[in-house]
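output the structure for:
(chains A, B and C)
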Amino acid sequence: MPQIPTSVPLSWYLILSAILFALGVAGFLFRRNIITVFMSIELMLNGVNLSFITFSYKQGQNDGHIYSFFVMVVAAAEAAVGLAIILTVFKNRQTLEIDEVSSLKN
Amino acid sequence: MEDVILFLFFAAFTVGCAVNLVLQKHPISSALSLVGVMGALGLIYLQLGGEFIAMAQLIVYAGAIMVLFIFVIMLLNAGVEKGKTRNLWVKYAGLPLLVALIGLIAYIVQNVLPRGPGVNFGAFQHGNAYEIGIKLFETYLLPFEVTSVLILVAIVGAIVLAQKEIK
Amino acid sequence: MQTSTETLSASQQLWLIPIFPLLGFLLNGLFGRRLPKPAVSAIACGSVLLSFVWVLKTLSALGVFSGTLENTYVEHGFTWIQSGALNISIDFAVDRLTAVMLMVVTGVGLLIHVYSIGYMAHEGGYYRFFAYLNLFMFFMLVLVLGANFLLLFVGWEGVGLCSYLLIGFYFLEKFATDAGNKAFIVNRIGDYGFSLAVFLIAAHFGSLDFGKVFSQVKGMPVESSPGWITAICLLLLVGATGKSAQIPLYVWLPDAMAGPTPVSALIHAATMVTAGVYMIARSSPLFLHSAFALNIVALVGIATAFFAATIGLLQNDIKKVFAYSTVSQLGYMFVGLGAGAFSAGIFHLMTHAFFKALLFLGAGSVIHALSGEQDLRQMGGLRSKIPITFVTLMCAGVAIAGVPPFSGFHSKDAILGAAYQYAPWIYWAGVVTAGMTAFYVFRALFLCFFGEYRGSVGKHHHDDHGHGDDHGHSGIHESPAVMWMPLAILAVLSLVGGYINIPKFLEPMFPLAEDSGNEWTAYVSVAFGVGGIALAFLFYVVAPSIPGALERAFRPLYTLVYNKYFVDEFYGATVVHPTVDGSRTLLWRGADVRLIDGAVNGIGKTARAVGGILRLAQSGYIRDYAAWVVVGSLVLIVAMAFMGGAR
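Now for the predicted structure:
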């Protein structure tokens, strides 16, 4: 029976971060609804945040916390503007399918 | 040992919610899964000693951004995804790619990162609001001010984009 | 002869001599359109007059007229080209040879400028004509005054340009512009030879300055077999054949008669075509060191003289007769040069300038009186109507025929005497040519002035004043004073010019041969000349039916000679058409359109093709782009990991 470690190894957090990021990418690639795609982007950002906090713990400094804070702020701003864009696209195209917004084809 | 169990529990919850987000058909279900992810992540942050960040995550992310998402979903009356999927090359190459991505990162992390002390709840003491505040307003003052301008620009942009068309 | 820079009390400002005509060109060229005709004439003739006066002043100050000019007087301008060891500067030099040329160019040039005031009075483009004429004077003076080969070449090219501009003066007529093109292009071929000669001189002597080159050459032995000096001399000769209309590059001169008659007189009789003769005389040290080249010069000269004289026998256009006569007389000058009698060649250059310019100007006077008629068959019996022209032209005729004691006799005798000492067969060929010269000149004069008038000018004046004669007068009348005054001056010079003893004057430069005691050569040539005149008198005054009978009897020969031996057609078929067609198909369609345009367009087409392929990656689907980003990031991570950059 493998011994359960007393403290959580740091690498587990990073692997969790990688999984979240990869799932975000998957959602981005495979979902067709624009809003879902957006949410996948938020998922990716969260994964990265976790990475920052982890490394900050490792270093013993709280700089990573600051970066993570800024990421959150930027994500908020981006979400606001992005959702406004989605609203506009919906107004013009009457659709939320990402595949139908393809007039830049070729 | 409690830390490990707690971590595993929350990590599983997070991954489960994330998978649910990707797999659900209705956007509102995805949104609620995302809220779950945010919450669980906040608790993980807490374990890493990031008290301020955990609170910020819950308040800003889960509280504000996700509410924004849900409002927009309600506004647009988004329904279940309809129609046939386009024949993308991604459908067949996507999963292997993802597995490759995760495997690669895991491999790097395991082999490159030096084995150090693990994470214990309470070992990191610098994540409280006082320390963060000092850092924010002393070392990182300029980025702080710049991000406030950024938010202002975002507000203006969002208002301009979403207003009614002027006939 | 030593060359040194004379330190006189004050510099002679030689540069002023060509500058006056240049100023005239600039003034007339820029402002002439708005100036009234008298102002244009004043500027043009005034500038040449100033130049002439300055020449007189300079030459007398240098002691030319008192016979004391010994060394070459050089005025150093500024350094033009400094390249390694080669130093070429703008220098003007005057020695005895230059003095002769300066007097001829400015003097005869001035007379022709004055004549043109009358001749061109009713032509359009009056100011343009005088501007070009002044520009020509500038370049010719640069050519004559230049103290190095490059400056000579500048003048050489410049007079070629002015010749082109003036031949094509009536640019609305295609035959005039064609003639201008022909003159320039044929000249260019000669210039190519000249340029090669200049390169060789620079390579072998390290300098283009006359003084330096000739002093080096004099130290070299005479080349017994063809070597470098021979090559240089032959290439110089190629240039001279182009400019002085010798075989094989003479074909432009008869066509150049398309220009106004003063142009024919100035450029194609008195000055430009003599540039080749001047150049060879100037390069005499080089030629004296290559017997082979001198032989070629003499051969070319006598061949051209004989050949052109035969063609001139049968031409019907009065200007064409005199054009072929010019080619023939230039051949004489080359014979003189080739026989080693450089001073005799220059002597003939001077006398030829007098009587040939007179012949052309007189022909212009006749044409002017007949309102443009140039065909001898349409003339006749004009001696009572235009007496001054008649008298002056007869003076020119006896001069060119070599009748003593007029000028042509002295110079031709000098050449023929030297030719006999050099190679007797050349002498006999030259004597026969002299006979032919006398014949065809007097044929033209008799056809023009004697007999019954065969033309149609003035015949309708009963019905219509001003018809066929734009002066509003009726009939044929003498030219105005501004035209016959130069004729008179030239007539006097043609008669007495032989007494200006040029060979003696040029003796310090070109040593005279000792007297050979062959006086009979002179008598024989005079006999041939007088015989030619008599024969012409017989054919065209006494018994005018003889020429027609002869023509019918020798029909094929007549046709051959009348059509100039079909030389132009031959050149056209062998040189001109292959070049033009080859250029059109090979160079234009092949190289230019297919290769160059193809390459340039091909680059464009390739860019479009590549773009066409690359744009397929833009599917327009955002998810495709995202997938590409993932792939790219994977590749980057792998690369970084394997390069050890993961830490």
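
my read: residue C:357 touches residue C:490, true?
Yes. When contacts are counted by C-beta atoms under 8 Å, residue C:357 is listed as touching residue C:490 (5.9 Å). In short, each C-beta sits where N, CA and C put it, glycine included.

nearest residue to the residue of chain A found nearest chain B other than its sequence neighbours?
In chain A, the residue that lies nearest chain B is residue A:7 (3.0 Å; C-beta to the nearest C-beta). Take residue A:7 and drop its neighbours on the chain: the residue closest to it by C-beta to C-beta, 6 or more residues apart in numbering or on different chains is residue B:118, 3.0 Å away.

give me the number of residues near that neighbour?
For residue B:118, the neighbour count with other C-beta atoms under 10 Å in any protein chain shown is 18.

if we can go back for a sec, next up, the contacts around the residue of chain A closest to chain B.
Applying C-beta atoms under 8 Å, 6 or more residues apart in numbering or on different chains to residue A:7 gives the contacts B:3-4, B:117-120.

apply 7 Å and report the result again.
With contact taken as C-beta atoms under 7 Å, 6 or more residues apart in numbering or on different chains, residue A:7 is in contact with B:3, B:117-120.

pick out the lowest-pLDDT one from the residues you listed.
Looking at the contacts of residue A:7 by pLDDT, the weakest one is residue B:117, with 70.

backbone phi and psi for the nearest residue to that one once chain neighbours are set aside, please?
Excluding the flanking residues, the one nearest residue B:117 by C-beta to C-beta, 6+ apart is residue A:7, at 6.7 Å. The phi and psi torsions at residue A:7 (degrees, to the nearest 10) take the values phi -120, psi 160.

anything in the longest helix belonging to chain A near chain C?
Assignment by DSSP state H gives helix A:63-93 as the longest helix of chain A. No. Using C-beta under 7 Å from any C-beta of the partner chain, helix A:63-93 stays clear of chain C, with a minimum separation of 11.3 Å.

I'd like to know which elements that helix is packed against.
Contact partners of helix A:63-93 among helices and strands, from 3 or more C-beta pairs under 7 Å, 6 or more residues apart in numbering or on different chains; DSSP states H and E: helix A:34-59, helix B:51-56, helix B:66-76, helix B:129-138, helix B:141-162.

quick check: angle from it to helix B:129-138?
Between helix A:63-93 and helix B:129-138, the angle comes out at 70 degrees (axes from the mean of the first three to the mean of the last three C-alpha atoms, to 10 degrees).

residues of helix A:63-93 that come out buried?
Across helix A:63-93, burial judged by 16 or more other C-beta atoms under 10 Å in any protein chain shown covers A:64-70, A:72-73, A:75-87, A:89-90.

kindly report the same for stretch C:46-59.
Neighbour-count burial for stretch C:46-59 [16+ other C-beta under 10 Å]: C:47-52, C:54-56, C:58-59.

redo those as a markdown table? Include pLDDT, distance to residue C:268 and secondary structure.
A markdown table is the format used below for those (pLDDT from 0 to 100; distance: C-beta to C-beta, whole Å; DSSP: H, G, I helix; E, B strand; the rest coil):
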| residue | pLDDT | distance to residue C:268 | secondary structure |
| --- | --- | --- | --- |
| C:47 | 91 | 22 | helix |
| C:48 | 92 | 18 | helix |
| C:49 | 92 | 23 | helix |
| C:50 | 91 | 25 | helix |
| C:51 | 91 | 21 | helix |
| C:52 | 92 | 21 | helix |
| C:54 | 90 | 26 | helix |
| C:55 | 90 | 22 | helix |
| C:56 | 89 | 26 | helix |
| C:58 | 87 | 28 | helix |
| C:59 | 86 | 26 | helix |
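
which one of the residues you listed is nearest chain B?
residue C:47 (77.6 Å).

need phi/psi at the residue nearest to residue A:7.
phi -80, psi -170.

which among the contacts of residue A:7 gets closest to chain A?
The closest of the contacts of residue A:7, once distances to chain A are taken by C-beta to the nearest C-beta, is residue B:118, at 3.0 Å.

in a helix, residue C:77, correct?
No. Residue C:77 is assigned strand when assessed by DSSP: H, G, I helix; E, B strand; the rest coil, not a helix.

isn't it right up against residue C:93?
No. Using C-beta atoms under 7 Å, residue C:77 is not in contact with residue C:93; the gap is 10.8 Å.

so for the host helix or strand of residue B:44, mean pLDDT?
Using DSSP states H and E, residue B:44 falls within helix B:27-47. Averaged over helix B:27-47, pLDDT sits at 93.

count the neighbours of residue C:179 for me.
Neighbours of residue C:179 (other C-beta under 10 Å): 23.

can you tell me how far it is from residue C:529?
Separation of residue C:179 from residue C:529 (C-beta to C-beta, to the nearest Å): 32 Å.
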